[in-house]
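*Asks:* Can you look at this prediction? I've put the sequence above it.
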Amino acid sequence: MLVQVAVPVPGLDLLTYSVPAGFETPAVGARVVVPLGSRLVTGIVIERDTRPVSRSVDVKPVRHVLDSGSFVPPDVVALAQWTADYYAAGVGDTIPALLPPMARGGRADAHKTLRMASITPAGLEALAASAVEGRQLEGLQILSGSPAGMATSVLAARGIAAAAISRLAQRGYISLRHDRVDRDPLAVSVPSPGDRTPGSEWGQRRARVDSDPAPAPPAPPAPPRQLTPEQEAALGRLLALASAGDFRVALLHGVTGSGKTEIYLRLAAAVRGRGRRVLILVPEIALTPAMAAAFRDAFGDRVAIQHSGLSDGERHDQWQRIRRGDIEVVVGTRSAVFAPLGQVGLIVVDEEHDGSYKQEESPRYNGRDVAIVRGRQAGALVVLGSATPSMESYHNAMTGKYERIVLSRRVLDRPLAAVTVVDMREEYAAEGPDVILSRALRDGIRARVARGEQALVLLNRRGFATAVFCRQCAGTLDCPNCSVSLVIHGDGHARRARCHYCNYTARVPTACPLCAGPYLEQAGFGTERVEAEVASACPGARVARLDRDAIRRRGSLATLLAQFRDGRIDVLVGTQMIAKGHDFPRVTLVGVVSADVGLGLADFRASERTFQLLTQVAGRAGRGEQPGEAIVQTLYPTHYSIQLACRQDYPAFYERELQFRRAMKYPPIVSLVNTVVRSRTFAAAMDDAGDVVDKVRGVDNQLRVLGPAPAPLGKLRGEYRAQLLIKGTNRKQIRERLQSALAARPDLQKRVVVDIDPLSVL
Ligand code: ADP
Ligand code: ZN
């Protein structure tokens, strides 16, 4: 029998192995140890071919079958296969999402060794001559059927004890060696304290944070809340959809603070009541504790958490509990869409528009879209929740593919924040060109601090200054590896220049490296500078900063959020991290220092992102008793995404943005695939991308192919990048064309990135 095995090696297709006679037949989803080059690795059986193996086929045998049944449930294997196909990735790329944590290479302890025994020529002779008997004979018989050898642990399991094995070795009938096996991702390992594995989700780009996976102490059950009439109506429709018991997708479009979580809870309880299970996805690790706590109140310890911020041991234990069927609700980030949960009847994707659902490494899947596919497989109701739905989801709702359910008001009739737009051109004219906080924002923060209320101040740009330029030659301080300027972090003696893409770090020179001129100036500003400005504008206020730099240390994000919630911080300055989902009842002012940060980007989603960010951040104000206010500073007060976000008018934004997408042929009007080719020189990158363009266009010229063009981020980590964009209405056709074009250029395999349904084309 042959099996197709996915191995955890980037970009590898399924590999074929034979299952030697005498081995247990592995099920789809079982783990097997297979030889790969000179190593042994643990893979997962994806397909089985029960036809007899023809002698001419030269395939290597599986070394060990680790499970008698499936380890990963077959429906999850099928979901992984779909994901790999759709996103043009290797099935092996999905293994980190399918399985509890595994070491991803490089660490000394990332391997274990197996003691292997194999029969020697002398042993074969002894066997033929019946020179041995008893257990030793049995051992030789078993080993003679396993030319590559067998682990002594497997022999032991078959009754050949260590004593018999060492006796055989002493007599020269078998040889013993140690094989190195990549650490079994699934072995029940007890990690040492602090043992962390880089997860696929946050990678190096984001810090991981503590979360409490232990069951919460039993809380007294909260008295059931009276739902608002709108919540009642929305829940009624969702219950009706759920009771159909088959695949449906509903878009729950509810303004910030409209009480979506309460609806998820009641819907989950109803689905549970019918004997089916519930999967809840949130975009950020930081949002899991609050969501999980809400569900633990209702479901006790039959709630599991899955995300890459858990320790290996925690994640593994939770995963096993889910797989055993002990769990009714899973709360997790995007890879939790692959949780081994049976009988899924409801999948909730909260904040479905959030870019964190997209994985920025292979497989470049969007957790929301995989969730919909899982819902279809399982015959489940999928609820996409958002105050600012993605253009794609809203389009699907408007065209009748999804049910649209609206919550247009906040609970308890709390008003949405009143938004004031400050035209920064007027501010510069009145106060000078270096103003960072407008008079309105400065006064607003001071007033909140004086009243003991809280403020959030958003700037979606890290660092102290964003560029350094020379007064004499106008040269800038750029990254030697990437086509961006270095960002200044810290002030005074602690000042360093750093690249936000490759982490190149340098001392800030005192003279221009190009012309030696002595007049270097800093320009632009980021969150560090805003933090300093707020502190000096409000002496005595407790000001803190929340961005990727501030939370490098594990646990610091949870700590900062807790301090802010407890009122130990008055003003929190930060990047989009502060805009997401959090519920801070004492925040009455949100300031947006520059609404324009994302607008200048050469990305077709720039307006959509700006609209979402502004609406979400304004939604953080006024969630408690006191009404909220938002102050938005901008140089483009008439831009539609800013205007409509200030009015919180999503439908108008959608219509306006759809016109643009239609005119320019972008999603959701067409499907889009972005392909980036990297090379050591600019010319080579352009040539290679051009060749792919020609091959994709083919003779019939059916697809719209744009490029080759230098990618907006033209140089990254020392490599040049050229890009081509393919647009069309038939995604399958695009993918097939592209894959056959790339198949003709195997030399590009390691230098090309294919992004199906990209969120960003930079
Ligand atoms: P959303 O996710 O829609 O922004 P949340 O689910 O966070 O909103 O709810 C906002 C706040 O309102 C939360 O503090 C929640 O506990 C509270 N809430 C939800 N439903 C009700 C209700 N029916 N009555 C009173 N408070 C509610
Ligand atoms: Zn760089």
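*Replies:* Looks like it came in fine. Numbers count the residues shown, from 1 in each chain. Ligands and ions are numbered 1, 2, ... in the order given.
*Asks:* average pLDDT across the one helix or strand Ile322 maps to?
*Replies:* Assigned by DSSP states H and E, Ile322 belongs to helix 312-324. Along helix 312-324, the predicted local confidence has a mean pLDDT of 87.
*Asks:* what's the following helix or strand after it?
*Replies:* Tracing the chain past helix 312-324, the next element assigned as helix or strand by DSSP H and E is strand 329-332.
*Asks:* Can you tell me the strand partners of that next one and which way each runs?
*Replies:* The partner list of strand 329-332 in its sheet, established with DSSP bridges, is strand 277-281 (parallel), strand 303-306 (parallel).
*Asks:* a markdown table please, covering the ones you listed and showing mean neighbour count and mean pLDDT.
*Replies:* All C-beta atoms are positioned from the backbone trio N, CA, C, and that covers glycine. Shown next, in a markdown table, are these (neighbours: other C-beta atoms under 10 Å; pLDDT from 0 to 100):
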| stretch | mean neighbour count | mean pLDDT |
| --- | --- | --- |
| strand 277-281 | 27 | 98 |
| strand 303-306 | 27 | 93 |
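*Asks:* Give me the angle between the helix or strand encompassing Asp85 and helix 312-324.
*Replies:* Using DSSP H and E, Asp85 sits within helix 74-86. Using axes from the mean of the first three to the mean of the last three C-alpha atoms, to 10 degrees, the direction of helix 74-86 lies 110 degrees away from that of helix 312-324.
*Asks:* which residues are contacting helix 74-86?
*Replies:* 6, 27-29, 44, 46, 70, 72, 89-91, 93-95, 97-98, 337-340, 363, 365, 370, 373-374, 377-378, 735, 756 (C-beta atoms under 8 Å, 6 or more residues apart in numbering).
*Asks:* so how far is it off the chain centroid?
*Replies:* Offset of helix 74-86 from its chain centre (C-alpha atoms, centre = their mean, to the nearest Å): 17 Å.
*Asks:* now swap in stretch 697-717 and tell me
*Replies:* Its chain's average C-alpha position is 26 Å from that of stretch 697-717, according to C-alpha atoms, centre = their mean.
*Asks:* Check the residue with the largest distance to the centre of the chain and give its pLDDT.
*Replies:* Within the chain, the residue lying farthest from the chain centre (C-alpha atoms, centre = their mean) is Ala129, at 61.2 Å. Per-residue confidence for Ala129 comes out at a pLDDT of 78.
*Asks:* Pull the number of nearby residues for the closest residue to Pro480 other than its chain neighbours.
*Replies:* The shortest distance from Pro480 to any residue that is not its chain neighbour, by C-beta to C-beta, 6 or more residues apart in numbering, is 6.6 Å, and that residue is Tyr504. Summarising burial for Tyr504: neighbours were counted as other C-beta atoms under 10 Å, giving 17.
*Asks:* Tell me how far Tyr504 lies from ligand 2.
*Replies:* For Tyr504, the distance to ligand 2 under the criterion C-beta to the ion, to the nearest Å works out to 5 Å.
*Asks:* Dihedrals phi and psi, that residue?
*Replies:* In this entry, Tyr504 is assigned phi and psi values of phi -50, psi 130 (degrees, to the nearest 10).
*Asks:* For it, which residues are in contact?
*Replies:* Tyr504 neighbours (C-beta under 8 Å, 6+ apart): Cys479, Pro480, Asn481, Cys482, Leu486, Arg498.
*Asks:* likewise Ala250?
*Replies:* Under the criterion of C-beta under 8 Å, 6+ apart, the contact partners of Ala250 comprise Arg237, Leu238, Leu241, Leu381, Val382, Val383, Leu384, Tyr402, Glu403, Arg404, Ile405.
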